[in-house]
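Asks: have a look; sequence and predicted model below, questions after that.
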Amino acid sequence: MPNYYDLNVHSSPECEDPPERLISVAKRCGYTAIAITNHSNLWGEVTGEGVISGIEIVADKISGLKKKIEIYRPKVDVLLVHGGDPKINRAAVENSEVDILAHPSHYFNHVLAKFAAENEVAIEFNLDEIIYTRGVPRVRALSAFQRNLKIARKFDVSMTITSGARSQYDLRAPRELIALAGLFGMSESEAVGALSETPWNIVTRNRKKKRPGYVMDGVELL
Amino acid sequence: MKNIPSSMRERKRYIAFEVLSAEKIDRSELISELWSSASSLLGDVGANSCNLWVLDFDGRRGILRCAHDRTAMVRAALATINRVHGTRVGIRVLGTSGTVKSVTEKFMRQVDYSKDTIN
């Protein structure tokens, strides 16, 4: 069984539940670790067993986004950008310091996909939209996912699946998320990769960069 | 009336699940929420094709029966349940199996995820 990671979970102080509680529920669901990715305006350092330190950067202007990426990049192992706005989506995929473009919504196309593949920015399929909406909004969310999946496949963009949990009740086990991803056409092997291999590659890549003596990929001062 | 011969009965899967909630959940309320979630996500036709039936539920853990080729859909429908009668819940599948006996033995006593498969 692969190791699973959920890279978008919000804890206190942004939401109700403390990180420890979320981790114990996540472990019971079958995750190896989860990333606590509070929004940048309520961010605080979270460390511990089973935690990947992360952040979801919220910005309404490109200049603000760049500044925040510079501040937080050395502090975290996974850096998400709160997407959904066409300009922010574009700025996020153009920046190789960004790991994941979170919920890009409908504003993701072949141009952004090329940049995302080049800069190794993964796109996120945040399944809370399927879990928490019904009717027309859910149909819209599914259609955006289906479209983004098609584009991501074509340009070989990495994909991650997350629960976007804001409380312990929002966490879903990996297999449930895989089943939900199947609703918009993601194959089982793609979904497993999006929950295990891709997140782990992102985290190890960043941890390697944080090591003292790191110069560039493959070059280290000993 | 005579029982239908076993060779002509629909094939089934049994799903063991666990509900995470602050309060104990009522069986009938869970069933009505399950049906409403399933028909909202899969439509009336899809929900019917799943052949859902709750066999056993003690307020925390339970066993659900469904059509053998619809377990992925049922998993998805279970995942979209977030409230039962106003109480926040999260449902987790413990495992699936072909008979009530094996699902009880494998998953209701001790949870072993490595034995669970998606379909």
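Replies: Perfect, I can see it now.
Asks: so which residue of chain A lies furthest out from the middle?
Replies: Each residue of chain A has a distance to the centre, and by C-alpha atoms, centre = their mean the biggest one is for residue A:222: 32.2 Å.
Asks: list the residues that contact it.
Replies: With contact taken as C-beta atoms under 8 Å, 6 or more residues apart in numbering or on different chains, residue A:222 is in contact with residue A:213. All C-beta atoms are positioned from the backbone trio N, CA, C, and that covers glycine.
Asks: then residue A:189?
Replies: Residue A:189 is in contact with no residue at all, counting by C-beta under 8 Å, 6+ apart.
Asks: quick check: residue B:66 touching residue B:17?
Replies: No: between residue B:66 and residue B:17 there is no contact under C-beta atoms under 8 Å: 11.2 Å.
Asks: got the buried residues for stretch A:56-75?
Replies: By neighbour count with 16 or more other C-beta atoms under 10 Å in any protein chain shown, stretch A:56-75 contains the buried residues A:56, A:57, A:58, A:59, A:65, A:68, A:69, A:72, A:73.
Asks: in helices only, show me those residues.
Replies: Mapping these onto helices (DSSP state H) picks out A:65, A:68, A:69, A:72.
Asks: of all those residues, which comes closest to chain B?
Replies: Of all these, residue A:72 has the smallest distance to chain B: 29.6 Å, by C-beta to the nearest C-beta.
Asks: one step back: using CSV, lay out the ones in helices among the buried residues of stretch A:56-75 together with pLDDT and distance to residue A:137.
Replies: Shown next, in CSV, are those (pLDDT from 0 to 100; distance: C-beta to C-beta, whole Å):
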residue, pLDDT, distance to residue A:137
A:65, 94, 27
A:68, 95, 29
A:69, 95, 30
A:72, 94, 31
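Asks: and the closest residue to residue B:20 other than its chain neighbours, what's its pLDDT?
Replies: Nearest non-adjacent residue to residue B:20, counting by C-beta to C-beta, 6 or more residues apart in numbering or on different chains: residue B:90, 4.4 Å away. At residue B:90, the model reports a pLDDT of 94.
Asks: helix, strand, or coil at residue B:90?
Replies: strand (DSSP: H, G, I helix; E, B strand; the rest coil).
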